[in-house]
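Asks: sequence and predicted structure are below.
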Amino acid sequence: RKESAALILARLENAMAQGFVTSVDILYGLPGQTPKGILNTLERLVNVGVHGVSLYRLNISRRNNRFFENIAGFERNAMRDYLLFQIAEQFLKNHKYQKNHFTHFALPEDQNLYFRHTQRGEDLLSFGATADGVFQHYHYRHPVYSKYMQGDKSEIPVLEGGVAESLMERKCDPAISALMGGSINKKIILALDAENLLNEWLDCLLLETCPDAESYLLTANGSWFVSQMICDLQSHCGDRLSFYQ
């Protein structure tokens, strides 16, 4: 963002004074970013009292090539990014922010309504260049937002760019939604006959057992490898469906 940090903090304070729940997106993996730097950023946000923080790893794509043209010699460093995420998660948890999405940390006021709609069994009407909408088992994303917002709307399919979930994806939905939400109940795993996967995730410290021993929380390692966990789960469910068919 082009605005100064002081202006952003002032706007956040003003929004909270008006009664709004505030959430901030933080990029990690930026050129020149250090553990001290990201901790300083998070400390300032926590001191202001923001209700939620999302941690997003910097992506490199054609959409931000111009940014990197001005930074000679920059290369992604997976180890550094991993450590930055670990440090940020520990800091936020130490300040009572609980994970309610695999990269989102929140105080009780922030229910993270957008990302947790699946767990509430709700559809999602979404607008934006990369915003995902869901109607039952149909997912869509408007691939060209400018065209969607301009001209004759009758020429633009309302749910352009959509795809329906497969039978395997529907079977995995409850578990995937739970994992992405930061925790999963043992009953969901047992319903998929995936106890071996659960044990593997526990052995690899991707999950930690809750005090009630009936549910599990996604660790910082789990957040880092959640895509692989979902792939393993889908592979497991796909094999099971093939077996029963």
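Replies: Happy to help now that I have it.
Asks: is Met168 in a helix, a strand, or coil?
Replies: Under the three-state scheme (DSSP: H, G, I helix; E, B strand; the rest coil), Met168 adopts helix.
Asks: that one contacts Cys237, doesn't it?
Replies: Yes: between Met168 and Cys237 a contact is recorded at 5.2 Å, counting by CB atoms under 8 Å. Placement of C-beta: from N, CA and C, glycine included.
Asks: who has more neighbours out of these two?
Replies: Cys237 (23 against 18; other CB atoms under 10 Å).
Asks: all helices of the chain, in order?
Replies: Secondary structure of the chain (DSSP state H): helices at 5-17, 35-48, 65-69, 78-94, 145-149, 167-180, 186-191, 195-203, 220-224, 226-244.
Asks: closest to Gly133 out of those?
Replies: Set against Gly133 and scored by CB to CB, those come closest in helix 145-149, at 11.9 Å.
Asks: average pLDDT for that closest one, rounded please.
Replies: The average pLDDT within helix 145-149 is 60.
Asks: is it correct that Pro35 is in contact with Tyr82?
Replies: No: counting by CB under 8 Å, Pro35 does not reach Tyr82; the two are 11.8 Å apart.
Asks: just checking, which helix or strand of the chain averages the lowest pLDDT?
Replies: Within the chain, confidence by mean pLDDT, DSSP states H and E is lowest for helix 145-149 among all helices and strands, at a mean of 60.
Asks: out of the helices of the chain, which gets the lowest mean score?
Replies: Of all the helices of the chain, mean pLDDT reaches its minimum on helix 145-149 (a mean of 60).
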